[in-house]
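[1] sequence first, predicted coordinates after that:
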Amino acid sequence: MVQLFKPAHGRYTPRDKDSFSYTTVTHRWPVIITNIVSTVSSENHKLANDDPRLAEGKAIISELSALKHQMGRNSVLHEADFRPIQDDGGGNLACYNDELAATPEEEKRWFTANWLFAECYLYRVLRSLFARTQHWADYDPFFESKAETYKSSSTAIVHLAEALNAMVTDERLQDGWEKEGSRLEIAFWEMIQAALWGNATDLSLLVDLKYEDLQKLQAVGKAAQAAQAAKVLRDDLPKVWALLKTVKDGQVDIVLDNAGFELYTDLVFADFLISCTPFVNKVVFHPKTVPWFVSDVLPYDFGWAIDSLLDTSFFASHAQLKDGDTDSLTTLAQRWKAHVAEGRFHLSVPVDTKMGADVPAANFWCTQFAYQDLPAVDPELLAALQKSDLVVFKGDLNYRKLIGDAKWPTTTPFEEAIGPLNGKINLVSLRTNKADTICGLPEGTEERLDAEDKTWRISGKYAIVSFAARA
């Protein structure tokens with residue numbers, strides 16, 4: 001892969017059969033494609049025989065099946081897997097095709113390409129299959145799975161709503177906030193821990209997770225928070241708190257990851273910062289513009305997540321809410337809608353942005369570029385982020401891109417691994433570990449965890465909070 005910044009260590013590829021990238025190509029991607037086929041097939045069954053969407057839906061299924069087959073027979077191909085993406089009128093076409101043109105032929109296969117490029121390329125190809133149709137161009141094949149996961153999270157959603165509403169109405173919460181161990185500091189830790197572990201719900205990575213496991217991952221409350229804190233392998237939260245205490249009426253940006261429950265926890269954290277602290281009066285949210293890594297937030301998901309809380313029947317298929325629960329969610333959602341209307345919650349693109357639109361404010365997030373290349377590739381986006389007092393990067397892919405998905409020694413300083421981005425903005429990465437790449441750990445951590453749990457890099461049971469300051 002052509003890179004502007006060259007990490008001191010190579011990137012992960014499926015050539016290593018012991019890596020998670022190999023598992024991704026052999027298991028995760030085929031399952032994801034199969035699920036899309038099932039979703040489109042289900043939609044087709046609802047259509048009349050003379051509906052023009054039916055023929056296009058069948059064609060999409062055929063192309064998806066061919067793509068899945070192509071992945072599986074990589075070893076006997078006589079020509080490269082990767083081909084230029086056809087013009088579909090959307091953004092980020094040239095960056096992928098230019099990269100393909102510059103990539104050696106032997107690396108243009110699913111089992112030999114570097115993982116970061118291949119995975120981003122896959123989702124851009126999937127988008128193109130729908131974008132080039134007349135009747136499916138605005139279809140999100142992952143929406144139903146995102147919605148189902150959100151609905152199944154009602155217990156945690158209500159718990160967080162009640163906790164946050166109580167904080168918002170607590171007139172003494174800010175008393176003595178300058179002092180160490182203040183009530184506001186304790187509340188901050190609880191809210192940001194919820195935002196960190198909300199990332200445990202990632203549909204692209206947990207394709208085989210059972211409903212009961214989902215509830216465990218989303219457990220909230222003091223006991224759960226304490227147990228989870230012990231799983232944080234690098235904890236820069238004190239640095240984040242120290243920074244925020246120097247800010248008044250400032251701005252925080254959140255580069256979003258997953259829709260559903262994780263987006264909900266992001267909104268909870270943002271509301272806490274605005275409604276409960278003197279530090280922040282605006283939060284800018286950065287979504288994707290195409291269906292991305294199964295569960296990432298699209299502009300539509302943002303408004304839908306808030307509106308769904310006002311629908312008393314929304315959670316009915318999974319749980320029967322009590323009147324008090326409904327009241328808590330209504331109070332929360334109405335406050336959030338006021339934040340949106342008055343500009344305190346701000347989406348970086350219009351909420352009605354057309355799927356796949358070429359939008360300069362958001363294009364970069366759906367490219368193949370590592371964030372080390374952000375200063376060179378998109379200086380306008382960097383300038384926008386530099387207006388923020390803190391940029392929060394959520395989730396596994398954002399972390400992989402921050403450090404270039406490289407095979408860094410685990411003790412490599414985070415500031416070194418983010419390369420040219422270091423010193424440009426105040427940033428913190430909230431990540432539960434779901435891929436091999438990792439850095440910034442204390443000496444001995446890797447060795448201890450390798451002995452205790454071979455899956456610690458990818459299981460989502462461990463997390464890291466990594467901060468880098470603006471120079």
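    Everything's here; your move.
[2] please make it C-alpha for all contacts and neighbour counts, starting now.
    Will do.
[3] tell me the mean pLDDT for stretch 59-77?
    Mean pLDDT, computed over stretch 59-77, is 83.
[4] swap in stretch 99-109?
    Stretch 99-109 shows an average pLDDT of 90 in the prediction.
[5] would you put the C-alpha positions of that stretch in CSV?
    Output in CSV follows, covering the C-alpha atoms of stretch 99-109 (Å, rounded to 0.1, in the frame of the first residue of the first chain):
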residue,chain,number,x,y,z
GLU,A,99,-3.8,3.4,-4.8
LEU,A,100,-4.6,0.2,-6.7
ALA,A,101,-2.7,1.5,-9.7
ALA,A,102,0.4,2.0,-7.6
THR,A,103,0.1,-1.4,-5.7
PRO,A,104,2.3,-4.3,-6.9
GLU,A,105,0.2,-7.1,-8.5
GLU,A,106,1.2,-9.6,-5.9
GLU,A,107,-0.4,-7.5,-3.2
LYS,A,108,-3.7,-7.2,-5.1
ARG,A,109,-5.2,-10.3,-3.6
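[6] now do stretch 265-276, average pLDDT.
    What stretch 265-276 shows for mean pLDDT is 98.
[7] need the contact partners of it.
    If you take C-alpha atoms under 8 Å, 6 or more residues apart in numbering as the criterion, stretch 265-276 is touched by 160-161, 164, 167-168, 173-174, 188, 191-192, 194-195, 198, 254, 279-283, 336, 344.
[8] any low-confidence regions in the stretch 51-200 of the chain?
    74-80, 199-200 (pLDDT under 70).
[9] go with 50
    Counting by pLDDT under 50, the stretch 51-200 of the chain has low-confidence residues at 75-78.
[10] filter the contacts of stretch 265-276 to the buried ones?
    Buried subset of the contacts of stretch 265-276 (neighbour count, 16 or more other C-alpha atoms under 10 Å): 160-161, 164, 167-168, 173-174, 188, 191-192, 194-195, 198, 254, 279-283, 336, 344.
[11] the contacts of stretch 265-276 in strands, which ones?
    Taking DSSP state E as the definition of strands, these contribute 254, 280-283.
[12] tell me which two in those are the farthest apart.
    The span of those, defined through C-alpha to C-alpha, is set by Ile254 and Asn281 at 13.8 Å.
[13] where's stretch 269-285 relative to the chain centroid, distance-wise?
    With C-alpha atoms, centre = their mean, to the nearest Å as the basis, stretch 269-285 stands 20 Å off its chain's centre.
[14] what segments of the stretch 151-300 of the chain are helices?
    Assigned by DSSP state H, counting those that start in this stretch, the stretch 151-300 of the chain shows helices spanning 154-168, 183-197, 211-217, 222-229, 237-244, 261-276, 299-308.
[15] deepest of the ones you listed, which one?
    Mean neighbours per residue, mean count of other C-alpha atoms under 10 Å, is largest over those for helix 261-276, with a mean of 24.
[16] report the angle between that helix and helix 299-308.
    Angle between the axes of helix 261-276 and helix 299-308 is 70 degrees (criterion: axes from the mean of the first three to the mean of the last three C-alpha atoms, to 10 degrees).
[17] let me see the contact set for Asp378.
    So Asp378 contacts Phe364 (C-alpha under 8 Å, 6+ apart).
[18] gap between it and Ala362?
    Distance of Asp378 to Ala362, computed by C-alpha to C-alpha, to the nearest Å: 10 Å.
[19] rebuild the ones in strands among the contacts of stretch 265-276 as a markdown table, extending it with distance to Thr432 and pLDDT.
    Listed next are those as a markdown table, based on distance: C-alpha to C-alpha, whole Å; pLDDT from 0 to 100:
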| residue | distance to Thr432 | pLDDT |
| --- | --- | --- |
| Ile254 | 16 | 99 |
| Val280 | 25 | 99 |
| Asn281 | 28 | 99 |
| Lys282 | 26 | 99 |
| Val283 | 22 | 99 |
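[20] now tabulate those residues in TSV and tack on distance to Glu106.
    As requested, the ones in strands among the contacts of stretch 265-276 are exported to TSV (distance: C-alpha to C-alpha, whole Å):
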residue	distance to Glu106
Ile254	38
Val280	50
Asn281	51
Lys282	48
Val283	44
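[21] just list what the strand or helix carrying Ala66 packs against, helices and strands only.
    Secondary structure assigned from DSSP states H and E places Ala66 in helix 52-72. Applying 3 or more C-alpha pairs under 8 Å, 6 or more residues apart in numbering; DSSP states H and E, we find helix 52-72 packed against helix 29-45, helix 115-131.
[22] need the residues that contact the following helix or strand past it.
    Going down the chain from helix 52-72, the next helix or strand is helix 94-102, by DSSP H and E. The contact list for helix 94-102 (C-alpha under 8 Å, 6+ apart) reads 1-2, 82-85, 108, 121, 367-368.
[23] on the three-state scheme, Ile464 is what?
    Secondary structure state of Ile464, per DSSP: H, G, I helix; E, B strand; the rest coil, is strand.
[24] was I right about it contacting Leu237?
    No - using C-alpha atoms under 8 Å, Ile464 is not in contact with Leu237; the gap is 9.9 Å.
[25] now the helix holding Ala66: buried residues?
    By neighbour count on 16+ other C-alpha under 10 Å, the buried set for helix 52-72 is 53-54, 56-57, 60-61, 64-65, 67-68, 70-72.
[26] swap in stretch 86-102?
    Buried-residue list, stretch 86-102, by 16+ other C-alpha under 10 Å: 88, 90-93, 96-97, 99-100.
[27] what's around the closest residue in space to His318 that isn't next to it in sequence, how many residues?
    In this structure, His318 finds its nearest non-sequential neighbour in Ser152, 5.8 Å apart by C-alpha to C-alpha, 6 or more residues apart in numbering. Ser152 sits with 20 neighbouring residues when counted by other C-alpha atoms under 10 Å.
[28] and Ser152, backbone torsions?
    Phi and psi for Ser152, reported as degrees, to the nearest 10, are phi -80, psi 0.
[29] that one contacts Gln320, doesn't it?
    No - if you go by C-alpha under 8 Å, Ser152 and Gln320 don't touch, sitting 11.4 Å apart.
[30] list the contacts of the closest residue to Val283 other than its chain neighbours.
    Among residues not flanking Val283 along the chain, Val252 sits closest, at 4.9 Å (C-alpha to C-alpha, 6+ apart). Applying C-alpha under 8 Å, 6+ apart to Val252 gives the contacts 280, 282-284, 388-392.
[31] ok, Val252 to His346 distance?
    10 Å.
[32] need the residues touching each of the two.
    Common neighbours of Val252 and His346 (C-alpha under 8 Å, 6+ apart) are 282-284.
[33] domain assignment for this protein?
    Split into domains by automatic domain parsing, the chain comes to 20-131, 143-468.
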